[in-house]
Every structure is written in C-alpha cells, then in structure tokens.
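Engineer: Need a 3D model of the following:
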Amino acid sequence: HYSAFSYYGLTDQILNRTHVTVPKIPGSNLSSTTTYPIAHNQYVLIRVTPKCYWGVKYIFISEARICITDIEKTLIDGLNDPQYCGGFFEVVNAFDIGVRQCSPDRLLEYAQKTSLVVCKRLGWVLEKINQLKDLQTILGNMPMRYAQRLDPTGKRNGSYNKTWMLMENIR
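Structural biologist: Numbers count the residues shown, from 1 in each chain. Model (predicted):
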C-alpha cells in the first residue's frame, strides 16, 4: 500500500505508518490488535484471504529480506483500498508517475483478479492520465450493470460517468 508507493517512488510523502499485508492462515491466532507502534512508527497489519495474496516479490532493504508487492499490484491495491495509500488523489498521482514502468498485460490481469469495479476505476484513471489507450478500450468494453463509486471510501454522490459506469464522487 502506501509503503510500497514510497518504495517505488510513487509518492513524495514522508510516512510514519507502514501497512503490512499478510494472509489470514486458517488456525492462526487473529488478534484484534492490528496496529503496532515501534520506534516512532506505526505498523498496521492488513489481513487478507490467501486467494487475495499475490503479486509479491522478495527484495532486500539493507540486510533485511522483505516481501513487497510488485508495482502493478501496488497500483491495483491503491484502486481497491485508497484509504491505505493516502486517498484516491494520491493513487491517481501514483499512476501518473508509475504507469510507464508497468506491464499493461499484468495491470489487466491483476485488475481482473480483483473485481469489475477495479477494472472500471483503472480505465477511468488511465483515461485521466492519457495512458495505455489499448488497455482503456479493453476495460471500457467490460459490461457493468450499475454505477459504482469511483472512490470506494467516498459518499455515493457526484456526477455519473457513463463510459466507465462510475459515480465520480471526488472533488
């Protein structure tokens, strides 16, 4: 999430909170505690089902080997959960910075692994930043029955975008 945004240079914000996505493992102790303060930083656990834990790779930071999402998964996570990435405008900015480093095929594959509304949000963002026209066409042809919120954390109001079947609930 925001931590991966920072790693890939998709934000210029200084973070004091690190989001750590971990798979829920059956039988594990799922404490209600999700935020852990360590050395003036907060570490927030985001637990996901194992089927939602993909698109990760291992890297070294100093001598520590850590698991981090690849850039495509990082951006798709932003569309799905912008609240963990600094908000929807920060996600759009991250796409503007990072989309040229992405594989269009992988972006499409990852968006399709999440949900149809994430596919539509991806198309909307790509249109706004004027990138990947072929991918926009593919995403635009995906049928959706009714309008969803562009920003999933925002209220259900705003102008309706017929092309993307999204309620543009941002200002």
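Engineer: just checking, Asn169 touches Asn161?
Structural biologist: No - using CB atoms under 8 Å, Asn169 is not in contact with Asn161, being 10.5 Å away. Every C-beta, even on glycine, is put in place using the N, C-alpha and C of the backbone.
Engineer: For these two, list the residues in contact with both.
Structural biologist: Any residue near both Asn169 and Asn161 by CB atoms under 8 Å, 6 or more residues apart in numbering counts here, and that gives Leu150.
Engineer: Compute the number of surrounding residues for Glu63.
Structural biologist: 5 (other CB atoms under 10 Å).
Engineer: Equivalent analysis for the one 3 residues further on, please.
Structural biologist: The number of residues packed near Ile66 is 14, by other CB under 10 Å.
Engineer: Then Phe89?
Structural biologist: Other residues within reach of Phe89, judged by other CB under 10 Å, total 12.
Engineer: Equivalent analysis for Arg156, please.
Structural biologist: Neighbours around Arg156, by other CB under 10 Å: 9.
Engineer: Tell me the confidence at the closest residue to it other than its chain neighbours?
Structural biologist: Ranked by CB to CB, 6 or more residues apart in numbering and with sequence neighbours excluded, the top spatial neighbour of Arg156 is Arg149, at 5.9 Å. As predicted, Arg149 sits at a pLDDT of 97.
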